[in-house]
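S.K.: Sequence isn't available, so here's the structure alone:
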């Protein structure tokens, strides 16, 4: 692997992490290089914060809501739409992260160097995590604080907002791990995107007829849990179950991705 100045970097890692540093730097160059991050940031600000402005002005023009009620509606919109939109963005944006490398032969070329297969997968997981968390969640959340001060003269309570935000983070990481795992199991993008998006939007339908325990062991309740926590509202007593289950699924998906990619034939 090479850096931007084409200077070779010696690989000091051993075992499963061999080559991770070079792979991670290369992935970061793809995410952040050539000002690509600016376009991504603008897109997420337009989707999340732009929608908040539209809702705020629409509610204000109706004259039926107080500023406090409008602020609560906008918080609900920001958290709910944010959780769903970022999950969609992850599935669409990461569906080819591993498949493209397998199809083009770059995965085989990279792994012919001093780089382990686990480092290959983990570098992608970490680089995509930082990019999506920073640009689709952290930046819009900071801007939302500014919007709140500008529109209603006060900012959300920090600790409840942080609780809701962390739920959004967990929701995003689940779909990132799921997409990467699917990328190791399939050789084309269609099944990856289809299963990822199908699972996401299926969560809007399945709870209507499935037993409650089925809903609780998947991340589907998190999109509603995040705004409830951020607003300091009463939440179901069973709320820790989907949080813990989602974290466990995320770890399991990454374990399967590492196991499957470790047995990939190039």
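M.R.: Done, it's in. Here the structure is a predicted model, which means the values were calculated and not measured.

S.K.: all strands of the stretch 1-150 of the chain, in order?
M.R.: Under the criterion DSSP state E, counting those that start in this stretch, the stretch 1-150 of the chain contains no strands.

S.K.: so where is it shaky, pLDDT-wise?
M.R.: When residues are selected by pLDDT under 70, those of the stretch 1-150 of the chain lie in 1-16, 62-64.

S.K.: Spell out the residue ranges of the helices in this protein.
M.R.: Under the criterion DSSP state H, the chain carries helices at the ranges 20-32, 36-44, 50-62, 67-94, 99-104, 106-111, 117-132, 139-152, 158-185, 189-202, 212-216, 222-230, 240-262.

S.K.: Would you mark the buried spots in the first one?
M.R.: Of the residues in helix 20-32, those with enough neighbours to count as buried (16 or more other CB atoms under 10 Å) are 20, 21, 22, 23, 24, 25, 26, 27, 31, 32. C-beta coordinates here come from the backbone N, C-alpha and C atoms, glycine included.

S.K.: now swap in the fifth one and tell me
M.R.: For helix 99-104, burial by neighbour count (16+ other CB under 10 Å) applies to 99, 101, 102.

S.K.: cool, and the second one?
M.R.: Going by neighbour count (16+ other CB under 10 Å), the buried part of helix 36-44 is 40, 41, 44.

S.K.: quick one: which of the residues you listed is nearest residue 234?
M.R.: Minimum distance to residue 234 across these is 30.2 Å, recorded for residue 44 (CB to CB).

S.K.: can you count the residues close to the closest residue to the closest one other than its chain neighbours?
M.R.: Spatial nearest neighbour of residue 44, chain neighbours left out: residue 136 (4.5 Å); criterion: CB to CB, 6 or more residues apart in numbering. Applying other CB atoms under 10 Å, we find 26 other residues in the vicinity of residue 136.

S.K.: residue contacts, residue 136?
M.R.: Listed by CB atoms under 8 Å, 6 or more residues apart in numbering, the contact partners of residue 136 are 40, 44, 48, 82, 85, 86, 89, 172.

S.K.: Now with 10 Å, please.
M.R.: Each residue near residue 136 by CB atoms under 10 Å, 6 or more residues apart in numbering is listed here: 40-41, 43-45, 47-48, 82, 85-87, 89-90, 93, 168, 172.

S.K.: same deal with residue 240?
M.R.: For residue 240, the contact set (CB under 10 Å, 6+ apart) comprises residue 216.

S.K.: how close does it get to residue 164?
M.R.: Separation of residue 240 from residue 164 (CB to CB, to the nearest Å): 15 Å.
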